[in-house]
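Undergrad: My questions are about this predicted structure, shown below with the sequence.
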Amino acid sequence: MIDSYASADDAAVAIAGARAGADVVRTMYGRRLHRIDKGAGDFATDADLDAEKAILGIIRAARPDDAVLGEEGGQHGDADAVRQWLVDPLCGTLNYAVGSMLVAVNVALRDGAAAVADPFSGEVFFTDGEKAWGRRDGADDVLLTPTPVTGLVDVNLDPPFPGAPGFRAVDLLAHPEFVERFRPRVVSTTLALAWVAAGKRAAYVTDGGDLSQSVHFAAGIALCRAAGCTVTAIDGAPIGEKGRGLVAAADDETHRLLMSMIRSRS
């Protein structure tokens, strides 16, 4: 079956990879898993490693000349290759390890196609680099349409906090206008970025460095951009141009409001 993707377009490869990883994550859910310490309170599990192997198998068969950067396995191929895949096989490992199903599998071709799979809902969110769609087994693809109507904003509160003291995500939650206009959520997985693109969240905010080439964020950023969301760093700079962190909003107005609150707290 892997060989059948050799002539597929990049979006199909991304979808196949994300689904392969999601199948592993779903199958291993609930098992007693060995933890591999990565330092600073972070760790991987056997599910992370096996899911990444499954994704790599898809990409290697379909695109043998492409480089791959995996969260667990690191660099495969030339790091300076024109085509490089960014793979996060299990985003939300801590959630997963304690029995929460709020996780994602992220596969992205740098500056190209991408897919985010939800292993437990069966949904796959994907883009060819121009438009974004959602797919569920047995149903037709649906064009992703972001909307702020839910008023739900996911804020990443996981350390480290490189923007402190100038920016603290927790301060945003206490802003009077935030309390008036939005309701906070802390999902602790970049599945929340796919939800912004799909209209399930109004926005997503996180601190950090340049996230444009991050295995954790690249797929979600690609989805949001293709869906028409407003995406910048937390200082308003374009992602990938010395900006840090991320504000992905369903529309310009939501983004403007959040940026105003962030700047007033800074």
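TA: Structure received.

Undergrad: Report all helices and strands that the one helix or strand Ala18 maps to contacts.
TA: Using DSSP states H and E, Ala18 sits in helix 10-28. Packing contacts for helix 10-28, counted by 3 or more Cβ pairs under 8 Å, 6 or more residues apart in numbering; DSSP states H and E, involve helix 46-62, strand 84-91, strand 104-109, strand 114-117, strand 123-127. (C-beta placed from N, C-alpha, C; glycine too.)

Undergrad: Spell out which strands sit alongside the helix or strand that the last one is followed by in the sheet and which way each one runs.
TA: In this case it means strand 123-127. Where DSSP H and E defines the elements, the next helix or strand beyond strand 123-127 is strand 132-136. Counting by DSSP bridges, the strands paired with strand 132-136 are strand 123-127 (antiparallel), strand 142-143 (antiparallel).

Undergrad: Can you tell me which of those strands is most buried?
TA: strand 123-127 (a mean of 26; mean count of other Cβ atoms under 10 Å).

Undergrad: Go ahead and produce CSV holding the CA coordinates of it.
TA: The C-alpha atoms that make up strand 123-127 are tabulated as CSV, following Å, rounded to 0.1, in the frame of the first residue of the first chain:
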residue,chain,number,x,y,z
GLU,A,123,-10.6,13.7,11.1
VAL,A,124,-7.7,14.7,8.9
PHE,A,125,-7.2,18.4,8.1
PHE,A,126,-5.0,19.1,5.1
THR,A,127,-3.8,21.6,2.6
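
Undergrad: tilt between that strand and helix 10-28?
TA: If you take axes from the mean of the first three to the mean of the last three Cα atoms, to 10 degrees, strand 123-127 sits at 160 degrees to helix 10-28.

Undergrad: dump the residue contacts of Arg135.
TA: Ile15, Glu123, Val124, Phe125, Phe126, Asp141, Val142 (Cβ atoms under 8 Å, 6 or more residues apart in numbering).

Undergrad: In JSON lines, list the residues you listed along with pLDDT.
TA: Formatted as JSON lines, the contacts of Arg135 follow (pLDDT from 0 to 100):
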{"residue": "Ile15", "pLDDT": "97"}
{"residue": "Glu123", "pLDDT": "96"}
{"residue": "Val124", "pLDDT": "97"}
{"residue": "Phe125", "pLDDT": "98"}
{"residue": "Phe126", "pLDDT": "97"}
{"residue": "Asp141", "pLDDT": "93"}
{"residue": "Val142", "pLDDT": "95"}
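
Undergrad: Between these, which sits nearest Arg168?
TA: Phe125 (29.4 Å; Cβ to Cβ).

Undergrad: Not counting its own residues, what contacts the lowest-mean-pLDDT helix or strand in the chain?
TA: In the chain, the helix or strand scored least confidently by mean pLDDT, DSSP states H and E is strand 35-39, which has a mean of 88. Applying Cβ under 8 Å, 6+ apart, the external contacts of strand 35-39 come out as Phe43, Ala44, Thr45, Asp48, Leu49, Ala97.

Undergrad: Which neighbours in the sheet does it have, and how are they oriented?
TA: strand 42-45 (antiparallel).

Undergrad: for this protein, what are the low-confidence residue spans?
TA: 1-8, 265-266 (pLDDT under 70).

Undergrad: rewinding a little: tell me the two of the contacts of strand 35-39 that are most distant?
TA: Leu49 and Ala97 (13.3 Å).
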